[in-house]
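S.K.: Predicted model and sequence follow; I will ask about them next.
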Amino acid sequence: MDFLQLATEQRYSVRKFKTDRIDKEKLDLILEAGRVAPTAANFQPQRILVIDSEEGLTKLKTCTPYHFNAPLVLLVCYDYETCWKHQHSGKASGDVDASIVTTHMMLEAASLGIGNTWVAAFDHDKIRELFNIPDYLMPVALLPLGYPASDAAPHPVHYKRFDINHTVFHNSFDDLSKGEKHEPLY
């Protein structure tokens, strides 16, 4: 399957999962995709918690309404102490690194027929407390994973995209500086 077909047609935010467990071999491939993802200066600050026990999934449900009853959830964090920091601004790269890792895992999952959705809306303090996350680890994303239910379908806005000229510019942002703004698609 070609990449754009995978990214636009096969992968969508699954909000309804079957209860079937994910095969260990497939989970290992998903985690490997995260392991080999590029990170700033190859510091590899990602730290991923696999949540698949009944107890863990029950605790997770108190941290976000967006668990979609997935049989497995990956909590993607980064280690603030070990991530690369910009030499002039001091900005840490960890949130970007963790986002790249998450994207690699979600696309690998989709290529294996495993549904997923990126969740950023969760109670960070509560998740830290319930999963004993050390202060130096920064939670970035939840990635619920599972086989899509038979009636799972993309959200109606999934296929809506701006024309490429709305998001891509060449050599300058002069058109944007003229004050031209666009409303969201929905």
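M.R.: That came through fine.
S.K.: what residues does the lowest-mean-pLDDT helix or strand in the chain touch?
M.R.: Each helix and strand of the chain was given a mean pLDDT (mean pLDDT, DSSP states H and E); the minimum falls on helix 174-177 at a mean of 73. For helix 174-177, contacts defined as CB atoms under 8 Å, 6 or more residues apart in numbering pick out Phe169. Glycine gets a C-beta too; all of them are placed from N, C-alpha and C.
S.K.: ok, now with 10 Å
M.R.: The contact list for helix 174-177, computed with CB atoms under 10 Å, 6 or more residues apart in numbering, reads 165-166, 169.
S.K.: so where does Cys77 fall, helix or strand?
M.R.: Counting by DSSP states H and E, the element that carries Cys77 is strand 72-79.
S.K.: hang on, the earlier thing: closest to Gln10 among the contacts of helix 174-177?
M.R.: Among the contacts of helix 174-177, His166 lies closest to Gln10 (CB to CB), at 24.4 Å.
S.K.: any idea whether that closest one is helix, strand or coil?
M.R.: Following DSSP: H, G, I helix; E, B strand; the rest coil, His166 is assigned to helix.
S.K.: where do the strands sit along the chain?
M.R.: Ranges of strands in the chain, per DSSP state E, are 46-51, 72-79, 115-116, 137-146.
S.K.: Dump stretch 50-57 to CSV, keeping only the CA atoms.
M.R.: What follows is stretch 50-57, C-alpha atoms only, in CSV (Å, rounded to 0.1, in the frame of the first residue of the first chain):
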residue,chain,number,x,y,z
VAL,A,50,1.8,-0.1,27.6
ILE,A,51,-1.6,-0.2,29.4
ASP,A,52,-3.4,-3.4,28.7
SER,A,53,-4.4,-4.9,32.1
GLU,A,54,-8.0,-4.6,33.3
GLU,A,55,-6.8,-2.6,36.3
GLY,A,56,-4.7,-0.2,34.2
LEU,A,57,-7.5,0.4,31.7
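S.K.: what is the rounded mean pLDDT of that stretch?
M.R.: Averaging pLDDT along stretch 50-57 gives 98.
S.K.: repeat for stretch 118-132
M.R.: In this model, stretch 118-132 has a mean pLDDT of 98.
S.K.: In the chain, which helix is the longest?
M.R.: With secondary structure taken from DSSP state H, the chain has its longest helix at helix 94-111.
S.K.: most neighbours per residue, which of the strands of the chain?
M.R.: Sort the strands of the chain by mean neighbour count, taking mean count of other CB atoms under 10 Å, and strand 115-116 sits at the top with a mean of 27.
S.K.: Check what contacts it and list those residues.
M.R.: With CB under 10 Å, 6+ apart as the criterion, strand 115-116 contacts 10-18, 30, 68, 70, 72-74, 102, 105-110, 142-149, 152.
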